[in-house]
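Chemist: A predicted structure for the sequence below; I have some questions about it.
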Amino acid sequence: MKKAIITGARRIGFWIAKRLLRENWQVGIIYRTYSDSIRELESDFGRNVIAVKADLSDLDNLKAPIDSLLDSLGGIDCLLHLASPYIPTKFGNVSKSDLFEHINPIALSFFLVVQHCVPYMLKNQGPIKGRILAFGDWATNTTPYRGYGAYFLAKGALHTSIKVLARELAPDVLVNAIALGPVLKPEHISQELWESYILKTPLKREVSIEDITELSLFLLKVSSMTGEIINLDSGRHVCGECE
């Protein structure tokens, strides 16, 4: 049975976890706040779900819960990193706490969790010992928009981490990312504003959850790709500031 750890399972992570579990994976979930999504996964899939509470913003106290989860799983094949605050920050008023609120769980914890997981991956058999998949943002490398500076600073660090870790961990562990466009409206954004985002994509539709899960499964099986950041954004990255 393949074993995966997912950070963040309330939104997109929930659907990826559900798909992996249906494919007979065992899934460990790192959560900050226990949610109905985790409760549903535990109810539907029983002992194949192991959830552990850990605050990814607290970089000094990550090792113990991560090691506990790894020991409970009995190893790890894949790590999927989805934890990501998305909070508007107005330039000129961005504080140190705003920056750390984003960069710690999005980028710095990712690097540290990878360091904890890789020794377990290296115990696996075969030429590929493990795979790591993170989730970025289409705008990070093209046209970051105003009002989310702390978020984009963190996502930029995450994108760089993909390339750094791909070099550090080759040839044993493959490291890739998906840069998403608009998918699953955030609670703090109005429906009207959300629809305006969708209309800026060439395809005029949200990113499909099915596409996300299918691409994720592909990247958890691929054997000749590493250091790649794939845009899955309804074409948004080719559009710039188009209407």
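Modeler: Now that the structure is in, tell me what you want to look at.

Chemist: in this structure, which residue is closest to the centre?
Modeler: Leu82 (2.2 Å; CA atoms, centre = their mean).

Chemist: wait, doesn't that one sit right on Gly8?
Modeler: Yes. Leu82 is within contact range of Gly8, at 3.8 Å (criterion: CB atoms under 8 Å). Placement of C-beta: from N, CA and C, glycine included.

Chemist: Provide a list of residues in contact with the residue nearest to the centre of the chain.
Modeler: 6-9, 11-13, 16, 134-135 (CB atoms under 8 Å, 6 or more residues apart in numbering).

Chemist: Just to be sure, Phe110 is in a strand?
Modeler: No. Under DSSP: H, G, I helix; E, B strand; the rest coil, Phe110 sits outside any strand and is assigned helix.

Chemist: Quick check: nearest residue in space to it, chain neighbours excluded?
Modeler: Spatial nearest neighbour of Phe110, excluding adjacent residues (CB to CB, 6 or more residues apart in numbering): His81 at 4.9 Å.

Chemist: just checking, the one you found touches Cys117?
Modeler: No. Contact criterion CB under 8 Å: His81 and Cys117 do not qualify, at 10.3 Å.

Chemist: which neighbours do these two share?
Modeler: Common neighbours of His81 and Cys117, counting by CB under 8 Å, 6+ apart, are Ile132.

Chemist: who's more crowded, these two?
Modeler: A count of neighbours by other CB atoms under 10 Å puts His81 above the other of His81 and Cys117, at 29 against 22.

Chemist: For that one, name its beta-bridge partners.
Modeler: Thr7, Ala134 (DSSP bridges).

Chemist: check contacts around it.
Modeler: By CB under 8 Å, 6+ apart, the neighbours of His81 are 7-8, 110, 113, 132-135, 158.

Chemist: which outside residues touch the lowest-mean-pLDDT helix or strand in the chain?
Modeler: Here the helix or strand of the chain ranked lowest by mean pLDDT, DSSP states H and E is helix 191-199, holding a mean of 86. Residues outside helix 191-199 that contact it (CB under 8 Å, 6+ apart): 182, 185, 189, 204-206, 234, 243.
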